[in-house]
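**Student:** Fold the stuff below for me.
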Amino acid sequence: MPSPQLETGKPRGVNAVGRALTILDGFIGNGSRSLAELAKLTGLPKPTILRSLVSLEKAGYVVRLEGGRYQLGAKTVELAAAYKANFRLDQHILPILKQLTEETLESAAFHIREKDSRLCLFRIDSPQVVRDVSQRVALVPLDMTSTGRVLATAAWPQDSGQREMRPRVFVSSGVFDVLTASISTAVFDVNRTLVGALTISGPVERFGQADVKTMALALVRAAHRLSCTLGAPLPPAIGKPEIVRAS
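**Tutor:** Okay, here's the model as predicted:
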């Protein structure tokens, strides 16, 4: 039997699997759920949820408690352990940086904070002949560059529970290098903590107001994608970026 395909040629998802995953998502942030609570959270009919719960319970992903409530089963712990053991940050960040570089034609990097310094973990240089050159420095003190300001000030967005959020993008010019400008935004993880700063950098003359607006859109989309990959519970939609001059 041929596998179901969309007209675009992409595989089509299975509805039952999608419903089961939606139900499992309903347990995030809570130890146990009743059938009524799951129905309210997922919008699915109770009979549908109940059938899915029976299958999930048989597979060990859900446990039925006394009193009729449900909680996640031991199988989910095994999945989490396998994910943690095999997770490599570079496998997720490098494709994001590559796409940013291809989209903006500027250099893209990912920095983390080490006490009062910043460290570049990953970087892909611009394909253009005229570009900023990466200096091989182990640690750089937190400064007024866009990257430094993100690492020093970024916090979990207060409006992240809404359907749409407005991310903050810092812009700096001529701080670390008089000929270089950059824009940066924050990346968060499943614990709502700052993981690092995603940065686009290049020659000052290519970072005019219009250029920054265009690059900021690409940057926040990439940061949102990476944050969601790391488990950050961000809303699905991204609003217009708030652009802040770091210097």
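**Student:** going forward, measure contacts between C-alpha atoms and count neighbours the same way
**Tutor:** Noted.
**Student:** residue ranges with poor pLDDT in the chain?
**Tutor:** Applying pLDDT under 70 to the chain flags residues 1-13, 29, 82-87, 134-138, 158-164, 247.
**Student:** per-domain residue ranges of it.
**Tutor:** Domain segmentation of the chain under automatic domain parsing yields 15-85, 88-245.
**Student:** Now do the residue nearest to Leu194 when sequence neighbours are not counted against Leu226, distance only.
**Tutor:** Among residues not flanking Leu194 along the chain, Phe188 sits closest, at 4.6 Å (CA to CA, 6 or more residues apart in numbering). Look at Phe188 and Leu226: by CA to CA, to the nearest Å, they are 8 Å apart.
**Student:** Between the two, which has more neighbouring residues?
**Tutor:** Phe188 (26 against 20; other CA atoms under 10 Å).
**Student:** Contacts only, for the more buried one.
**Tutor:** By CA atoms under 8 Å, 6 or more residues apart in numbering, the residues touching Phe188 are Trp156, Leu194, Val195, Gly196, Ser227, Leu230, Ala232.
**Student:** and stretch 80-91, how far apart are its ends?
**Tutor:** With CA to CA, one end of stretch 80-91 sits 18 Å from the other.
**Student:** what's the answer for stretch 30-40, then?
**Tutor:** End-to-end distance for stretch 30-40, by CA to CA: 14 Å.
**Student:** Would you check that Leu35 makes contact with Ile49?
**Tutor:** Yes: between Leu35 and Ile49 there is a contact under CA atoms under 8 Å: 7.5 Å.
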